[in-house]
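Any chance you can model this:
(chains A and B)
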Amino acid sequence: MQTLSGKKALTFQELLFTLQRFWAERGCVLQQPYDLEVGAGTMSPDTFLRVLGPKPVRIAYAQPSRRPADGRYGENPNRLFRHTQLQVILKPPPINVQELYLESLGAIGIDLREHDLKFEEDNWEWPVGGAWGVGWQVMLDGLEITQFTYFQQCGGMDLDPICGEITYGLERIAGFLQDVDSIYDIVWAIEPDTGRKVTYGEMRLPEEEQFSSYGFDYADVPSLWKHLELYESECLGLLERARGLEKMQPQELKRFPVLGAYELALKCSQLFNLLDARGAISVTERVGVMARIRTLVIGVAKTYAAQGEALSALQLKGAA
Amino acid sequence: MPDFLFEIGLEEVPARMIAAAEAELLRRTLALFERERLLASPAEARSYSTPRRLAVLVPGVLAQQEDISEDLLGPATKIAYKDGVPGPAAIAFAKKAGVDVGQLRIVTNPKGEYCAATSVKAGRSAAEVIAEELPKEIAAIYWAKNMYWRACRPERFVRPLRWLLALLGDHVVPVSFGGYDAGRITYGHRVLYREAPIEVTPRSYVASLTNASVMADVEGRRRTIRKSLDKVCRTAAGTRWREDHALVDKMTHMTEWPSVILGGFDPEYLSLPEEVLVTVMRDHQNYFAVEDTSGKLAPHFLAVLNTAADTAGEAIIRHGNERVLRARFNDARFFWEFDQRVSLADRVALLASVTFQKDLGSYAAKSERVRELSAKLGFQQKKSQVAVDLNALDQAALLAKTDLTTDLVKEFTELQGVVGGLYARQQGYSEAVVAAIYDQYKPVSMEDGVPRTVEGALLAIADKADTIAGLFGLGLEPTGSKDPFALRRAANGIVKILAETPVELGLGEIARAAAGDDESLVRKLEVFLAERLEFYLREVKGQAYDVVKAVLAVRTNLVRDAVARAEAVTAVRDSEDFAAVSAAFKRMKNILAQAEEKGLTSRNELDVALLKDGAELELASKAADVKPEVVKLRAGTEYRRALELIATLRPQVDAFFEAVMVMDPDAAIRDNRLALLSKVLGDFGGIADFSEIVVAG
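Presented below is the predicted three-dimensional model:
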């Protein structure tokens, strides 16, 4: 596989290896993708919850991200129901974070001297999570390859220290490196024995076809609502019990399942997206349902922060 | 005298914020230097900026402030001294003035003998003052959106700082901000010069940066981009690039070392609507559209790069940009075809699930309201003999918002309305319907054009008026600088449409039609619309403050009429006769106001028999002569000629005030004179209240 610049282009999986190795060598702990459906890498607790509190974090992971409304039954060469983000979390961000990022481009075979690179203003916001940041979309020869954000608030709380978040769009970058016009033509891997190319389409097309039709045509609306209510009420129940957090015994405090509550909230968020794609949320309901999910997500974030504070207070007392 | 150079190095600043920040840094620096007496003469200061830096260069800075001496008056000597020996009061005063007690002088003034001292405030070095004061100025720069980045959040700025440079001649000025101490080092282009530090002096700054592939001068960069666009465009024969000042500006602020490439796309995409292609290129890709000599879109684009690539590099960059554009066009084509599987008529029902505003319901509800309102306004046009196709208007109002349910609009929100119009044309609706839907959001700004047809103008007015009335009704009117629903812009749009289309509607009629029976809401809308008319006359039409006041002092309903009157007043206001007449009218108004305060009446019928002085007879007779013609001209909206005619009253008006004493001891004569003035003001004040006109000198 060769590109216009005459270099050998990375396969999809080599691209992932290379970026992971690059960031691992720069101190990031590699985490596995979060094993729950999310709309973006930011929603994984490795980002959304770890950015809270004072503890430094360096972590990287590939996160499959599901957006039911973006499904196109596999017919559109540029859109996916599920795409892959490589998420790099640097808290606090090192001073040379931009330069590190540019180095990572070099590592995947992009020689900036033969490309046009721009950092164009693009501020990120997730109102349901009370989260926002300022940053850029990184444009390479007119293609947005990365979202670069300085996280400022999460769960409605100011972050201190703030967090740098680098989100690589892996399909975009692979398509660029391999110079293909359809995501489905991306070479995912090359079989070492035969040299046969395994394409993205071969690996994922059926999933796109079926989940598009599930999201748009098949998903059972009354069941989705029922699921939403069940997850919501369980999450609210946990948040309710977390009200007594400061009075808990150390072991109870440590074991209190805020992370479980977050998973329940994520389930609700995903169900909302499905209902939305299904066209099942009416005007009057929409604002209200979003507010309900916001209550859950922000409630979890606040509880997580409170638990962290209570635990570190205990540790201080223990050390004293 | 040394030159002062200051540069803030930053991670890429949003293009939209750079120009204002550069100007503000220059303004603040100069104000600081002025305030601190660091300038020998008005400085020819310069400022520079790129996405990664803001800089100012102030030549000829005083290295040291001059000392200031000030004479201070102290306590009376009889309090300060006892038997010639300085007491506590004298000592305290000397301390305050910063002198030895022995240096106190004695002065005598009408109140007696007092201690005095000359206090000298030593000038500080420029470096010291700048180091202390400049950081406060940097911190105060306004950013539309800023951020924290350092632990414990010590400061906010638009993006993290990366270096500071502050030099007074060859010496570093110890300015600190954002965790950096200033040095003498700057940095060049990210890719073309890499991370090598560059040592500069104030004089070498621009040249050193040029050498490091950074054009620090904004206007220089703008010229380079324009010239390159011209030059590169010439490589495609028979084409020219579409002028786009906003995009040139954006690219000027997104590059440090700009160059331009020409790219192409498959001509088969030209079958998509031009509006869609241009939006994709301009708004999503920052590309300039290229057209042939007849103005038709050509299958090319121009991209501004922030680099200088060699031929091989350019080929790679062109290929990449063409690939992205192809994907974007494919997407657009997919949406364009996909959307047409459902007709606009069938989409009307879908509007019930699109929220307009949570308390005002869905777009289906809004469409119904707009339909009703536009029908009302349309009917009034018929009555005013303005040609309007009421069926087309109704159809357009029904379908106007349906494009909000299309994927193309969800993808390219800036094309709302336009897309609806294009689909309506595809689906065989008449051009009147198409144009009305297409233009419904016009004008989106005061620079934008107005709807091309009466139906479009009425739909646009109805849509905006419905939004304004709805949100006012919820108490969500704009306050101060806060206008989250852009209601001022909507009302400005209504005023502009009324001024620039044949539509015959008064602001009051619109307020009433939109607000229904709610009298207090009608009143609020009238006031709001009148404010926007004032804004339009002043900011868009450039009319002077006093002219606008004079014109609006006369009851105003029709916008076009107010504009015509303002233009006429402006045209004649500088003529000597008119100025004299306005001054005289002001005097008349004052006299009448004073008379009213004293309880005198000016409301009598003018009794010609009571006029005895020659001058007042002359004024009355000239006014009576001129009046019919003025009335005729005014009715024909020939305001300028009417005003010129009014100005011919000057000799009689002047003579009147020269010779006649209005407040005659004889009450009957006095009241009759008041009646004369009142009549003159009444007969000739219908175009503008001239007494508001400020007369020079």
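
Give the burial count for residue 249, as a bare number.
Just going to use chain A. Neighbour count of residue A:249, defined by other CB atoms under 10 Å in any protein chain shown: 9. For every residue, glycine as well, the C-beta is placed using N, CA and C.

other chain: chain B
Neighbours around residue B:249, by other CB under 10 Å: 17.

ok, it - contacts?
B:15, B:19, B:222 (CB atoms under 8 Å, 6 or more residues apart in numbering or on different chains).

Now do whichever helix in chain B runs longest: distance to the chain's middle.
For chain B, the longest helix by residue count, based on DSSP state H, is helix B:311-339. Taking CA atoms, centre = their mean, to the nearest Å, one finds the center of helix B:311-339 at 36 Å from the center of the full chain.

For it, which residues meet the burial criterion?
By neighbour count on 16 or more other CB atoms under 10 Å in any protein chain shown, the buried set for helix B:311-339 is B:313-314, B:316-318, B:320-336, B:339.

C-terminal to that helix, what's the next element?
For helix B:311-339, the following helix or strand on the C-terminal side (DSSP states H and E) is helix B:344-347.

Give the closest residue to the residue of the stretch 201-350 of chain B found nearest chain A in space, chain neighbours not counted.
Using CB to the nearest CB, the single residue of the stretch 201-350 of chain B nearest to chain A is residue B:320, 2.9 Å away. The shortest distance from residue B:320 to any non-neighbouring residue, by CB to CB, 6 or more residues apart in numbering or on different chains, is to residue A:141 (2.9 Å).

how many neighbours does that neighbour have?
So residue A:141, with other CB under 10 Å, has 24 neighbours.

Quick check: it vs residue B:323, distance?
From residue A:141 across to residue B:323, the span is 8 Å (CB to CB, to the nearest Å).

same thing with residue B:69?
73 Å.

got it, and residue B:152?
45 Å.

Is residue A:158 within a helix or a strand, and which one?
Element membership for residue A:158 (DSSP H and E) is strand A:157-169.

Against which helices or strands is that strand packed?
strand A:82-91, helix A:97-107, strand A:131-140, strand A:143-154, helix A:283-319 (3 or more CB pairs under 8 Å, 6 or more residues apart in numbering or on different chains; DSSP states H and E).

now the ones you listed in CSV, with mean neighbour count?
Below are these laid out as CSV (neighbours: other CB atoms under 10 Å in any protein chain shown):
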stretch, mean neighbour count
strand A:82-91, 23
helix A:97-107, 17
strand A:131-140, 23
strand A:143-154, 23
helix A:283-319, 16
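
so which of these comes closest to residue B:519?
Among those, helix A:283-319 comes nearest to residue B:519, with 30.5 Å by CB to CB.

Please tell me how far the closest one is from the chain's geometric centre.
How far helix A:283-319 lies from its chain's middle: 19 Å, per CA atoms, centre = their mean.

ditto for stretch B:116-128
43 Å.

Just the buried positions in that stretch, please.
Quick answer for stretch B:116-128 (16+ other CB under 10 Å): B:116, B:117, B:123, B:124, B:126, B:127.

Would you double-check that the last one falls in a helix?
Just to be clear, that refers to residue B:127. Yes. Inclusion of residue B:127 in a helix is indicated when DSSP: H, G, I helix; E, B strand; the rest coil is applied.

And it, how close does it get to residue B:167?
From residue B:127 over to residue B:167 (counting by CB to CB), the distance is 10 Å.

what residues do these two have in common as contacts?
The contact lists of residue B:127 and residue B:167 share residue B:173, where a contact means CB under 8 Å, 6+ apart.

For the residue in the stretch 101-250 of chain A positioned nearest to chain B, give me phi and psi.
At 2.9 Å from chain B, residue A:141 is the closest residue in the stretch 101-250 of chain A, using CB to the nearest CB. Main-chain dihedrals, residue A:141, degrees, to the nearest 10: phi 50, psi 40.

dump the residue contacts of it.
Counting by CB under 8 Å, 6+ apart, residue A:141 touches A:115, A:116, A:176, B:316, B:317, B:319, B:320, B:321, B:324.

thinking again about what came up before, from the chain's centre, how far out does the strand holding residue A:158 sit?
Using CA atoms, centre = their mean, the offset of strand A:157-169 from its chain centre is 12 Å.

Could you please name the strands it pairs with and the direction of each pair?
Applying DSSP bridges, strand A:157-169 is found paired with strand A:82-91 (antiparallel), strand A:143-154 (antiparallel).

a markdown table for those, including mean pLDDT?
Converted to a markdown table, the strands paired with strand A:157-169 look like this (pLDDT from 0 to 100):
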| stretch | mean pLDDT |
| --- | --- |
| strand A:82-91 | 98 |
| strand A:143-154 | 97 |
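
List the residues that contact residue B:363.
Contacts of residue B:363 by CB under 8 Å, 6+ apart are B:351, B:352, B:354, B:355, B:356, B:401, B:404.

Give the helix, strand or coil label for the fifth one.
What it means is residue B:356. strand.

pretty sure it is touching residue B:369, no?
No. With contact defined as CB atoms under 8 Å, residue B:356 does not reach residue B:369; the gap is 9.6 Å.

in chain B, which helix or strand is least confident?
One helix or strand of chain B scores below all others by mean pLDDT, DSSP states H and E: strand B:355-357, with a mean of 80.

for that one, packing partners?
Secondary-structure packing of strand B:355-357 (3+ CB pairs under 8 Å, 6+ apart): helix A:283-319, strand B:361-362, helix B:363-383.
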